[in-house]
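Colleague: 3D, please:
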Amino acid sequence: MYDQLQLQTADELIERYAPLVKRIAHHLMARLPSTVLLDDLLQAGMIGLLEAAKKYDTSKGASFETYAGIRIRGSIIDEVRRGDWTPRSVHRNSRRVTEAIHQLEGRLGRDASDAEVAAEMDLSVAEYHQLLKDSMESRLFSFEEMTDPREDGPSEYVANDDPGPSRHFERSSFQENLSAEIARLPEREQLVLSLYYDEELNLKEIGQVLGVSESRVSQIHSQAALRLRSRLTEWG
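Modeller: Residues are numbered from 1 along each chain as shown. Purely as a prediction, here's the structure:
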């Protein structure tokens, strides 16, 4: 590690990689409620950067910046989870939506529409859309949570000891299933996820691309996330 980082002090390390911390913090901040403070995310990100410096192993093959980015993001997400501002009712309603989609699509054998899910839950479409809005605004949804069946984040693929062939197989199988389910999503939901996670556009920018309101993009994003969870329940 020290050959790679040239014996940088903690202050030098922070100065050099502070822009990376800021970029990741600002990107995640755009997905969180206004009650979350940017300074808290930046502080958590700096802790992740210092942890990355301590644990980086050149033999794993990833560059330090790649590894640090993973650790920074993971540290920020952990901080958000610890603060869990989400009311229990939002968690409960998100589970209700997931279960309704799972049951309905199991019967229909196809994608369930907004109106059909709302009817399944005995709600108006407006009430259902409000549940989706609350779900999007009240918790951090990230493919980092979706791409690992466990809740400990992705950093182990660089940092930790080899978890063994069974763990690699489980991860590979899950990711194959996730990719397949994303490909089965309705076209607009696929597009929103792609613009949000791959292109890193915010909700307002996606709305401009699609010609819909920011609130509607939020609803589409939440429904895509909950639809994926409903179809991957065996990995929960």
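Colleague: Quick one: low-confidence residue ranges for the chain.
Modeller: 1-10, 31-35, 83-87, 136-172, 234-236 (pLDDT under 70).
Colleague: need the strands for it, in chain order.
Modeller: With DSSP state E as the criterion, the chain has no strands.
Colleague: show me the contacts for the closest residue to residue 228 other than its chain neighbours.
Modeller: The spatial neighbour of residue 228 that comes closest, neighbours along the chain excluded (CB to CB, 6 or more residues apart in numbering), is residue 181 at 5.7 Å. All C-beta spots, glycine's among them, are computed from the backbone N, C-alpha and C. Applying CB atoms under 8 Å, 6 or more residues apart in numbering, one finds that residue 181 lies in contact with 228, 231, 232.
Colleague: buried subset of those?
Modeller: By neighbour count, with 16 or more other CB atoms under 10 Å, those hold 228, 231, 232 as buried.
Colleague: ok so, going back, how near is the residue nearest to residue 228 to residue 38?
Modeller: With distances defined as CB to CB, to the nearest Å, the gap from residue 181 to residue 38 amounts to 33 Å.
Colleague: picking up where we left off before, would CSV of the contacts of residue 181 with distance to residue 64 be doable?
Modeller: Conversion of these to CSV gives the following (distance: CB to CB, whole Å):
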residue, distance to residue 64
228, 32
231, 37
232, 33
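Colleague: How about the contacts made by the closest residue to residue 26 other than its chain neighbours?
Modeller: Computed as CB to CB, 6+ apart, the closest residue to residue 26 that is not its neighbour in sequence is residue 38, at 7.4 Å. Contact partners of residue 38, counting by CB under 8 Å, 6+ apart, are 25, 26, 29.
Colleague: Of these, which is the nearest to residue 100?
Modeller: Proximity of the contacts of residue 38 to residue 100 was ranked by CB to CB; the top entry is residue 29 with 30.8 Å.
Colleague: Which residue, neighbours along the chain excluded, lies closest to that closest one?
Modeller: Across the structure, with CB to CB, 6+ apart as the measure, the residue nearest residue 29 apart from its sequence neighbours is residue 38 (5.5 Å).
Colleague: Tell me how many other residues crowd residue 123.
Modeller: One way to gauge burial is a neighbour count; for residue 123, by other CB atoms under 10 Å, it gives 18.
Colleague: distance of it from residue 22?
Modeller: Using CB to CB, one gets 41 Å for the distance from residue 123 to residue 22.
Colleague: Same question for residue 204.
Modeller: The separation that residue 204 has from residue 22, given CB to CB, amounts to 20 Å.
Colleague: related to what we said a few turns ago, quick one: buried ones out of the contacts of residue 38?
Modeller: A residue is treated as buried here by neighbour count (16+ other CB under 10 Å); on that basis the buried members of these are 25, 29.
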